[in-house]
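Asker: Need a 3D model of the following:
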Amino acid sequence: WSLEKRLAPLSLGTLEMGIMLGLLDLLFLAFVVVQIRYFFGGSALVQATTGLTYAEYARRGFFELVAVAALVLPLLLLIHWLLPRDDAQAQRRFRGLAGVQIVLLFLIMASAFQRLRLYQAEYGLSEQRLYPTAFLGWLAAVFVWFALTVLRGRRERFAFGAMVAGFLLLAVLQVLNPDALIARTNLARAHAGRTFDARYAASLSADAIPELVAGLPLLNPQDRCTVATRLLKHWSPPENPDWRSWSQARSGAWET
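Answerer: Predicted coordinates:
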């Protein structure tokens, strides 16, 4: 072996890549086929399964998705990096097998999203339900970007686009004002006669206070008393406010 050969970068042949991704696709396909009823069973499955709660049904799907995505995305990037760029046949096979992998992963993502939506429909919106839903949206965007860049031979653009998608997600959440959105959504549920967690609503940050005060007439007497008592206890204007702890949200809460 010459020095040049010994220093040559690692590479992956078409056959090895095909076996790895092909077996992974078969594993995912078998998992989806076997679990299809559990994936999209919805409320009927929860009610028919002894000991299964909406919370457990939703959390299993989400954390399984995170684990799968955390393994699949780096693996696909590594395999593509190991493939010779000048091997057109290997690149075509990778695009096909990786595309199948992404489609199967999107089925799992759709199941996780459906579970979170079911959880929210039963118990209302919360930070623990809003942020995972936003994270699912970011994951979907990342895998779409993966298909548009890596699968088209433009891997160098992938990392920057994934990072931009993350910043856009943060910007959208800032515009939506999560705590105010949560309060507004749950108050609408209360007005429609659905369950309302008054203690949780009153524990939200200052961003939610104007929404809660405006929505007090929509609540039943018990929930109205719980929310009002906690708001008066925690959000009454301080006698000697410290300018170092001032924020627009706190100022709005005190004025309300």
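
Asker: what's the distance between the host helix or strand of residue 135 and the middle of its chain?
Answerer: In the assignment (DSSP states H and E), residue 135 maps to helix 127-149. Taking Cα atoms, centre = their mean, to the nearest Å, one finds the center of helix 127-149 at 6 Å from the center of the full chain.

Asker: So what touches that helix?
Answerer: By Cβ atoms under 8 Å, 6 or more residues apart in numbering, the residues outside helix 127-149 that reach it are 58, 62, 65-66, 69, 73, 76, 99, 102, 105-106, 109, 112-113, 116-117, 119-120, 154-155, 157-158, 161-162, 165-166, 169, 172-173, 178-179, 181-182. Glycine gets a C-beta too; all of them are placed from N, C-alpha and C.

Asker: and the residues you listed, which are buried?
Answerer: Neighbour-count burial within the contacts of helix 127-149 applies to 58, 62, 65, 69, 73, 76, 102, 105, 109, 112-113, 116, 119-120, 158, 161-162, 165, 178-179, 181-182; the criterion is 16 or more other Cβ atoms under 10 Å.

Asker: From the contact counts, what lies against the biggest helix by length in the chain?
Answerer: Longest helix in the chain by number of residues, with DSSP state H as the criterion: helix 88-123. Here helix 88-123 touches helix 14-39, helix 42-48, helix 54-82, helix 127-149, going by 3 or more Cβ pairs under 8 Å, 6 or more residues apart in numbering; DSSP states H and E.

Asker: could you redo the last one with a cut-off of 10 Å?
Answerer: Judged by 3 or more Cβ pairs under 10 Å, 6 or more residues apart in numbering; DSSP states H and E, the packing partners of helix 88-123 are helix 14-39, helix 42-48, helix 54-82, helix 127-149, helix 178-191.

Asker: and the last one, which residues are buried?
Answerer: Which is helix 178-191. Neighbour-count burial for helix 178-191, with 16+ other Cβ under 10 Å as criterion, is recorded at 178-184, 186-187, 189-190.

Asker: Now do it against helix 127-149, angle only.
Answerer: 120 degrees (axes from the mean of the first three to the mean of the last three Cα atoms, to 10 degrees).

Asker: Let me know the angle separating helix 178-191 from helix 88-123.
Answerer: Going by the same axes, to 10 degrees, helix 178-191 is angled at 50 degrees with respect to helix 88-123.

Asker: From the chain's centroid, how far away is helix 178-191?
Answerer: That offset, for helix 178-191, works out to 20 Å (Cα atoms, centre = their mean).
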